[in-house]
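Trainee: next comes the sequence, and after it the predicted model I'd like to discuss.
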Amino acid sequence: MAVLEKVRNIGISAHIDSGKTTLTERILFYTKKIHKIEEVRGKSGVGATMDFMDLEREKGITIQSAATYCEWKNSIINIIDTPGHVDFTIEVERALRVLDGAVLVLCAVSGVQSQSITVDRQMTRYHVPRIAFVNKMDRAGADPIRCMNQLRDKLGHNAHLISMPIGAEDKFKGVIDLVEMKANYYDGDNGEKIRVEEIPAELLERAKELRHELVAATGDFDDEVLHLYLEDKDVSVEILRKAVRKATLSLKFIPVMMGSAYKNKGVQLLLDAVGYYLPNPGEVENEAHDQRNNEAKVVLDSSPEKPFVGLAFKLEDGRFGQLTYMRIYQGKVSKGDFIVNSVNERKVKIPRLVRMHADEMNEIDSAVGGDIVAMFGVECASGDTFTDGSIRYTMTSMHVPNAVISLAVAPKDKMAQANFSKALNRFSKEDPTFRVHRDEESAQTIISGMGELHLEIYIERMKREYACEVIAGKPQVAFRETINQKTEFMYQHKKQTGGAGQYAKICGYFEPLPADAVETYEFVDEIAGGKIPREFIPSCDKGFQEQLKKGLLIGAPVVGIRVVINDGAYHDVDSSDMAFKLCAMTAVREFYHQCKPIILEPIMRLQTQAPEEFQGAVVGQINQRRGMILGTATVNKYVQADAEVPLSEMFGYSTDLRSSTQGKGEFQMEFLKYAPVPRNVQEVLMKQYQDKRAAENK
């Protein structure tokens, strides 16, 4: 069992294509977890260890976060490699929720990119201390100083170099450790032989300057360093290391390192830094809420002696059933133990306990606070808290962003319906950002997610994993109709067909409901003096409701209407429930157009963020989509535009936004209200509806 001080739970996060998976592959090689390095798009077709899904290997991107563990010197490191693409942001979100520290990987050429900003925001949300690793130092245009300045300017961080490069681009030879003031070179086929030498004479002055800056920056966090700095005395390696650690854990300082994972340089120094500067589980304050004491806050303690508390942060449908990834925050858990789900108080037994290495499982007997493990046979939802039953604590779940795009889907082959349902059930359980609902109006199954790629991947997975081909179409926007004017009506329904006929007469008026009304339909009975017998009144109500389900403009439900009946007539023999129901239905059809009906459309609240330089493009696109800008604000060189936009105009927006902002734009969208569509749009919608009806009647 690992000593808590030696455990590090870290995530590797970055913008897409910054080299996270390549870096993880090198870490696994140097810690002897794997014996051969595979590339993300390797010629062997094997693919990197952590990208074990076929789709990941084909597309060369990470789709699911993968967990592994390794040992380096005297640290035990649990690593989660997370996706970089904005569509899979939940994978990063849930990994950072349970990690104690992180490595923010930046590309030495591109620097801080849009997803680096999103990931950084997520790290800040969960108070995760981080080390920045400037990767791809071997590429043309590599500049770690520019990356450090971008960390300061774009992200507002107090970032300082703790290592400096020896050469750059094709002349990149190694890395100088500014804490130890030694040059590190990486020899051998895979950089596994580390050669430590004195700093080259031509770089010594610059290295001293940078170390002086580092000492000055860490002096703000450590009095001992501050005294030595003010007295201009040398700061020893141990004292400086302690100060950098203190500064990093305060979340007000970010150490910056560099290297080239692809060229096998600088990775071992980063592993050292993970052990030196990132927290062990005992140094991170984790809170839970005590359900038996008014949700009072409780600080968890990693000690194995305390009652067990664990958080299920990710579910996966494995070969042996549901695999539940769990971070243990307090206490100890062993194979065969019973644990209790705090959400529904269900007791479950742990049949198997494993440590994950990508898609391989290593059986273990027990785990303690600070460990990240996986369990089989534990049915739960993502974000559930488990305890040993002696306490009832719950931990705050992760932040789940709202879905921004929807598609209507159906299985190509009716025979695949069962597999289609199975797949949708599994995916929505595994991924909280993937949502499924049935639209009763259009009878379509609608899937919603974080972006077009997100949904595309799930459609592809249905085909591969469930042999279910899917037809995807544009979902229908849920339009509504309403009336604008009070209109009186009088209608008599009379039908004679030999024998008993049908007779009913009703009078009254239609009027719009007030704008703030909660109900969408109201029926008022003002009949006096038995003009219509009591037993026929509900039939009138039923008739009105049935006819108002489909308006006459575009066949959408009619909302915001009050129907009042105040007069009428009946026949002793010919009147019936059916006669009054038909009379009410026809009254709506006859007088509907006199009520000045209009079409309503769903309006969404849209919030778009992009770097300042793209402000014109962002505002222009919103205006083009009939959007109304409510305000713009600039924070940290990022412009945020708030707007109200019709949902019908929002299809394809994520693609357009990304292409006009070099992939740096992001947006969130949620339903706000229904509002009238402009006259020209109403005419187009009515024409489309009439054409559709005509085609159906042919």
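Mentor: In hand now; what should we look at? Numbers count the residues shown, from 1 in each chain.
Trainee: need the three-state assignment for the residue most central in space within the chain.
Mentor: The geometric centre of the chain, computed from its C-alpha atoms, lies nearest to Ile90 (Cα atoms, centre = their mean), at 3.5 Å. For Ile90, the secondary structure call by DSSP: H, G, I helix; E, B strand; the rest coil comes out as helix.
Trainee: Gln291 contacts Thr385, doesn't it?
Mentor: No. Under the criterion of Cβ atoms under 8 Å, Gln291 is not in contact with Thr385, lying 9.4 Å apart. For the C-beta atoms, the positions are set from N, CA and C on the backbone; glycine is no exception.
Trainee: report the buried residues of whichever helix or strand Glu238 is part of.
Mentor: Element membership of Glu238, judged by DSSP states H and E, is helix 237-249. Neighbour counts using 16 or more other Cβ atoms under 10 Å place Ile239, Leu240, Arg241, Lys242, Ala243, Val244, Arg245, Ala247, Thr248, Leu249 of helix 237-249 among the buried residues.
Trainee: which one of these is nearest to Val564?
Mentor: Leu249 (69.6 Å; Cβ to Cβ).
Trainee: okay, the buried residues of helix 237-249 in CSV with distance to Gln150 and pLDDT next?
Mentor: As requested, the buried residues of helix 237-249 are arranged in CSV below (distance: Cβ to Cβ, whole Å; pLDDT from 0 to 100):
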residue, distance to Gln150, pLDDT
Ile239, 30, 93
Leu240, 25, 93
Arg241, 26, 93
Lys242, 28, 93
Ala243, 24, 94
Val244, 21, 94
Arg245, 24, 93
Ala247, 20, 94
Thr248, 19, 94
Leu249, 23, 93
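Trainee: ok so, going back, tell me the spacing between the residue nearest to the centre of the chain and Thr385.
Mentor: Spatial separation of Ile90 from Thr385 under the definition Cβ to Cβ, to the nearest Å is 19 Å.
Trainee: cool, Phe29 as well?
Mentor: In this structure, Phe29 and Thr385 are 36 Å apart, going by Cβ to Cβ.
Trainee: these two: which is more packed in?
Mentor: Set side by side, Phe29 and Thr385 show more neighbours around Thr385, with 24 against 21, by other Cβ atoms under 10 Å.
Trainee: give me the helices and strands touching the strand of greatest length in the chain, please.
Mentor: Identified as the longest strand of the chain according to DSSP state E is strand 598-611. Strand 598-611 is packed against strand 480-482, helix 615-624, strand 638-646, strand 666-676, helix 679-697, with contacts defined by 3 or more Cβ pairs under 8 Å, 6 or more residues apart in numbering; DSSP states H and E.
Trainee: tell me which of the ones you listed lies nearest to His357.
Mentor: Evaluated with Cβ to Cβ, the helices and strands packed on strand 598-611 place strand 666-676 nearest to His357, the distance being 33.1 Å.
Trainee: which secondary structure element of this protein has the lowest mean pLDDT?
Mentor: Across the helices and strands of the chain, the lowest-confidence element by mean pLDDT, DSSP states H and E is helix 54-59, at a mean of 54.
Trainee: next structured bit after that one?
Mentor: If you walk from helix 54-59 toward the C-terminus, the next helix or strand you reach (DSSP H and E) is strand 66-72.
Trainee: give me the mean pLDDT for the next helix or strand along the chain from that next one.
Mentor: Scanning the chain past strand 66-72 towards its C-terminal end, the next helix or strand to appear is strand 75-81 (assignment: DSSP H and E). Averaging pLDDT along strand 75-81 gives 82.
Trainee: name the residues of strand 75-81 that are buried.
Mentor: Ser75, Ile76, Ile77, Asn78, Ile79, Ile80, Asp81.
Trainee: quick check, nearest of the residues you listed to Phe544?
Mentor: Once Cβ to Cβ is applied, the member of the buried residues of strand 75-81 that ends up nearest Phe544 is Ile80, at 57.9 Å.
Trainee: the closest one contacts Leu99, doesn't it?
Mentor: Yes. Applying Cβ under 8 Å, one finds Ile80 in contact with Leu99, separated by 6.5 Å.
Trainee: please enumerate the shared neighbours of the two.
Mentor: With contacts taken as Cβ atoms under 8 Å, 6 or more residues apart in numbering, the residues that reach both Ile80 and Leu99 are Ile10, Gly11.
Trainee: in a strand, that's where Ser18 is, yeah?
Mentor: No. Ser18: not assigned to a strand; according to three-state DSSP it is coil.
Trainee: okay, now Gln530: neighbour count?
Mentor: For residue 530 the amino acid is Gly, not Gln. As a burial measure, the neighbour count of Gly530 was computed by other Cβ under 10 Å and equals 8.
Trainee: contacting residues around the nearest residue to Pro351 once chain neighbours are set aside?
Mentor: Across the structure, with Cβ to Cβ, 6 or more residues apart in numbering as the measure, the residue nearest Pro351 apart from its sequence neighbours is Gly377 (4.7 Å). Gly377 makes contacts with Gly321, Gln322, Val348, Lys349, Ile350, Pro351, Arg352, as judged by Cβ under 8 Å, 6+ apart.
Trainee: most neighbours, which of the residues you listed?
Mentor: Each of the contacts of Gly377 was scored by neighbour count (other Cβ under 10 Å); the top score is that of Ile350, with 22 neighbours.
Trainee: which residues sit in contact with that residue?
Mentor: Under the criterion of Cβ under 8 Å, 6+ apart, the contact list for Ile350 reads Val333, Ser334, Lys335, Gly336, Asp337, Phe338, Ile339, Met375, Gly377, Val378.
Trainee: and the end-to-end length of stretch 276-289?
Mentor: For stretch 276-289, the separation between the terminal residues is 32 Å (Cα to Cα, to the nearest Å).
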